[in-house]
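> Sequence first, predicted coordinates after that:
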Amino acid sequence: MLSLDNKIALITGSGRGIGKEIALTFAKAGALPVLCDVREELLQEARTEILQKTGKDSLAFVCDVANANQVEETVKKTLDTKGRIDILVNNAGVTRDQLLVMMSESDWDLVLSINLKSVFLFTKVVAKAMMKQRSGRIVNIASIIGIMGNAGQANYAASKGGVIALTKTTARELGKRGITANAIAPGFIQTAMTDKLKDEIKQELQSQIPLGRLGTPQDVANAALFLASDEAGYISGQVIQVCGGMLT
Ligand code: NAP
């Protein structure tokens, strides 16, 4: 059984979906989750659910991950309260799909800011604390779309490809300080993000998945738990695809 006993784990976009499941899974493994999301009500619901299911309290901060001041404030409040951050999961992400020739500059900028710039902002601030600790785990949630591309997702694909490149660079820069950085590239996971897809598109996607089903947030959280654990201490700069075999 993998343990994260007494680890402080900051997870972005953890009000719902994959981020909430990662927070719940980490709490079950003994960690104290630090939740952060844009909507206060989602945060409080997630906090209550984690408490009911695990008996573990968590910290919760409203934070727009694309805003450098709010990111710094969130990390400062966590360090002021708990003194350290052992695990950072950069999970918050959005889609604004449109064919490349129709895509607005504002939708390009929004997706790149929330999906990619946020990973730079959080990693930069948290890495300073982890370097002093001489230990840390950084897990970035990318996507198989960042590896294979996808029609209608130029902004999203570019942001996730960027997350993978940033992860590999982070691993190279911080390895000597005992910090690992890895990415998870999920395939199609059942959350609000994919609920909005039309049924025929979901069926078409499912037909391309050798394991014959869409993934669950728990499938992604299991990989995150492993990468955050002591047992993954010699794995860094890697991308683990959690996609039911869709991309090989
Ligand atoms: P989700 O259900 O939409 O959850 C994402 C969470 O991030 C939401 O709570 C969202 O808040 C929050 N968020 C959005 N913008 C934010 C911001 N500026 N600051 C802080 N929080 C923000 O999506 P999900 O499916 O769990 O996706 C989680 C991650 O997995 C994303 O990075 C996504 O790209 C990646 N991923 C998902 C899939 C999939 O199939 N679902 C596949 C590959 C990769 P709101 O509710 O207010 O929007």
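Arrived safely. Numbering: from 1, shown residues only.
> Alongside the ligand, which residues does the protein contribute?
Within the chain, the positions near the ligand by C-beta under 6 Å from any ligand atom are 12-13, 15-19, 37-39, 42, 63-66, 91-94, 114, 141, 143, 186, 188-189, 191-194. C-beta coordinates here come from the backbone N, C-alpha and C atoms, glycine included.
> So which of those are in helices?
Counting by DSSP state H, those place 17, 18, 19, 42, 192, 193, 194 in helices.
> The last one touches residue 187, doesn't it?
Yep, that's residue 194 we're talking about. No: at 10.0 Å, residue 194 does not count as touching residue 187 under the criterion of C-beta atoms under 8 Å.
> Which residues outside the helix or strand of the chain with the lowest mean pLDDT are in contact with it?
Here the helix or strand of the chain ranked lowest by mean pLDDT, DSSP states H and E is helix 199-207, holding a mean of 88. The contact list for helix 199-207 (C-beta atoms under 8 Å, 6 or more residues apart in numbering) reads 188, 194, 197, 212, 213, 214.
> how about whichever helix or strand comes after that helix: buried residues?
The helix or strand immediately downstream of helix 199-207 is helix 217-228, counting by DSSP states H and E. By neighbour count on 16 or more other C-beta atoms under 10 Å, the buried set for helix 217-228 is 217, 219, 220, 221, 222, 223, 224, 225, 226, 227, 228.
> residues contacting residue 168?
Counted by C-beta under 8 Å, 6+ apart, residue 168 has contacts 181, 237.
> Swap in 7 Å and give it another go.
Contacts for residue 168 (C-beta atoms under 7 Å, 6 or more residues apart in numbering) come out as residue 237.
> What average pLDDT does the helix or strand harbouring it get?
Following DSSP H and E, one finds residue 168 within helix 154-174. In this model, helix 154-174 carries a mean pLDDT of 99.
> okay, now residue 84: neighbour count?
14 (other C-beta atoms under 10 Å).
> just residue 211 next, same as before
Residue 211 has 13 neighbours, counted by other C-beta under 10 Å.
> measure it to residue 225 for me?
Distance from residue 211 to residue 225, counting by C-beta to C-beta, to the nearest Å: 20 Å.
> Tell me which residue is most central in this structure.
Centroid-nearest residue in the chain, with C-alpha atoms, centre = their mean: residue 91, separated by 2.0 Å.
> Show me where the chain has its strands.
8-12, 32-37, 59-62, 87-90, 136-141, 179-186, 239-242 (DSSP state E).
> could you dump the ones you listed to a markdown table with mean pLDDT and mean neighbour count?
Formatted as a markdown table, these follow (pLDDT from 0 to 100; neighbours: other C-beta atoms under 10 Å):
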| stretch | mean pLDDT | mean neighbour count |
| --- | --- | --- |
| strand 8-12 | 99 | 27 |
| strand 32-37 | 98 | 27 |
| strand 59-62 | 98 | 18 |
| strand 87-90 | 99 | 28 |
| strand 136-141 | 99 | 26 |
| strand 179-186 | 99 | 25 |
| strand 239-242 | 98 | 19 |
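> All good on my end, thank you.
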